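> need coordinates for the below:
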Amino acid sequence: MDADEVDEFDLRGVCDTPGLVDLLRKLKQRSGLTLRELEERARARGVFLARSTVSDMLRGTRLPSRETLAAFVRACGAPETDVHAWLEARQRAEDGVRPSDQAPAPDPADAAGTVRTRSKAVAPRLGRLRLARSWALAGAVTTSLVAVTAWALSAAVEPSSPSAASSRSSASPASSPTADRSTDSAARKSLRGFAEIRPARTPHLCLTEGRDTRGEYRNAVAAQLPCEEARPPHTYLRPVDTAASSTPYFIEWQHPQHGRGCLTQRRKGPGQDLLEPWPWKSCDDTRAYQHFRIEPVGPPRKATGMRYRLRLEGTRDCVGLRDDSTETGADMTVEPCSGAPDQEFLISAAA
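Just a heads-up that it's a prediction; the model follows:
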């Protein structure tokens, strides 16, 4: 990319995140590369550029970190001399600074040491504070860095509440123990371990890390995205009690940099009833809102095989798609079990 091509992207006009994201989309489109190919190009440079991170960036759900932006621009084929211009555009997007707000170039009269005062038309820098709480921020860190960002911090403000779980259980009785036992037996034999969970209506999409489509909650949540972009994190089905004859499962996410976490129902506040990953140390057998029964739905079908529903332990609440959406990026939500198609999932073993 030469100087004329930089001007073509009008980087000097970037002053907000949508403007930057629009140019990043155009850069990817011109590169002709898939997310997987971009990830592989970055890896060849010794840099970690997760497909899920790039997908979030190109959807405009978050401002990319400097490291992610630089890795993405280089992977798209931009020469090193152009990376600085992209980073400057990113900084303006973060600060909310328009080109006219920036200090003018010094003239000879300033040579004696007079310093011009720069305009302070800068928006509060809240973006980094919000992103620091997000599990996905660490995905922007290159492999040359040692620091790792923790998973979502909501566990600190939603302590275990057995009474809440029991009250939900009494208000919404579970299905029969006999059905649970047969379900768990089948699941232990064929589904335990690394798995791929796909909505039955949109089998090209997988359950993975996404964002609240309404923008009400900032942390990572479970959503449906193209399966080729779904890892990391890697999904692992882990029995809550390996010794029990009938047991629910943790839906565990494993990431090479974030570690382990299990999907947890948000029970109050922004993003209520969405599923977010909690740090593994915050997941235990007393929290029913982290336990999922894997229940077959009808007989196996020739085209897709067995379908399952994911029911919260001790309730009649199941995992479904918000507003029954089939759109890419739609977030998963906990809702009353209804037998609706959006509550049916295909589960298969993954390497």
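> give the contact list for the closest residue to residue 297 other than its chain neighbours.
Closest residue in space to residue 297, ignoring its immediate chain neighbours: residue 307 at 4.5 Å, by CB to CB, 6 or more residues apart in numbering. Heads up, the C-betas are built off the backbone N, CA and C, glycines and all. Residue 307 makes contact with 200, 296, 297, 298, 301, 344, 345, 346, according to CB atoms under 8 Å, 6 or more residues apart in numbering.
> how deep is the closest residue to the first one other than its chain neighbours tucked in, by neighbour count?
Leaving out its chain neighbours, the residue that sits closest to residue 200 by CB to CB, 6+ apart is residue 344, at 4.1 Å. Look at residue 344: counted by other CB atoms under 10 Å, it has 19 neighbours.
> could you pull up the mean pLDDT of the helix or strand residue 332 falls within?
Assessed by DSSP states H and E, residue 332 sits inside strand 332-336. What strand 332-336 shows for mean pLDDT is 96.
> and that strand, what does it pack onto?
strand 221-226, strand 275-279, strand 317-321 (3 or more CB pairs under 8 Å, 6 or more residues apart in numbering; DSSP states H and E).
> next SSE downstream of that strand?
Following strand 332-336 in sequence, per DSSP H and E, is strand 345-349.
> so where is the stretch 101-250 of the chain shaky, pLDDT-wise?
Flagging of the stretch 101-250 of the chain using pLDDT under 70 yields the residue ranges 101-190.
> so which of the helices and strands packed on strand 332-336 is nearest residue 75?
Of all those, it is strand 221-226 that lies closest to residue 75, at 18.4 Å by CB to CB.
> in JSON lines, list the contacts of residue 307 along with distance to residue 19.
What follows is the contacts of residue 307, written out as JSON lines (distance: CB to CB, whole Å):
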{"residue": "200", "distance to residue 19": "39"}
{"residue": "296", "distance to residue 19": "49"}
{"residue": "297", "distance to residue 19": "45"}
{"residue": "298", "distance to residue 19": "49"}
{"residue": "301", "distance to residue 19": "47"}
{"residue": "344", "distance to residue 19": "40"}
{"residue": "345", "distance to residue 19": "38"}
{"residue": "346", "distance to residue 19": "39"}
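> mind giving me the PyMOL select for those residues, buried ones only?
Those of the contacts of residue 307 that count as buried under 16 or more other CB atoms under 10 Å are selected in PyMOL with:
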select buried, resi 200+344+345+346
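> neighbours around residue 286, how many?
Residue 286 has 12 nearby residues by other CB under 10 Å.
> that one belongs to a strand?
No: applying DSSP: H, G, I helix; E, B strand; the rest coil, one finds residue 286 to be coil, outside a strand.
> quick one: the helices in the chain, in order.
For the chain, the helices defined by DSSP state H occupy 3-8, 17-31, 35-44, 51-59, 66-75, 80-95, 127-132, 162-171, 177-190.
> sorry, back to before: now the strand holding residue 332: buried residues?
Neighbour-count burial for strand 332-336 flags 332, 333, 334, 335 (criterion: 16+ other CB under 10 Å).
> next, the angle from that strand to strand 221-226.
Here strand 332-336 points in a direction 110 degrees away from that of strand 221-226 (axes from the mean of the first three to the mean of the last three CA atoms, to 10 degrees).
> renumber starting at 57 from here on
Sure, I'll start counting at 57 from here, so that last one is strand 388-392.
> quick one: strand 388-392 to strand 331-335, angle?
Counting by the same axes, to 10 degrees, strand 388-392 lies at 110 degrees to strand 331-335.
> what does strand 388-392 contact?
228, 263, 277-280, 321, 329-331, 368, 372-378, 399.
> now do it: distance to the chain's middle.
Chain-centre distance of strand 388-392: 17 Å, with CA atoms, centre = their mean, to the nearest Å.
> CA atoms only: put it into CSV for me.
The C-alpha coordinates for strand 388-392 follow below in CSV (Å, rounded to 0.1, in the frame of the first residue of the first chain):
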residue,chain,number,x,y,z
MET,A,388,-28.0,-17.0,23.1
THR,A,389,-30.5,-16.4,25.9
VAL,A,390,-32.2,-18.4,28.7
GLU,A,391,-35.9,-18.6,28.2
PRO,A,392,-38.8,-20.9,29.1
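> isn't residue 326 right up against residue 271?
No: the pair residue 326 / residue 271 is not scored as a contact, 9.5 Å apart, by CB atoms under 8 Å.
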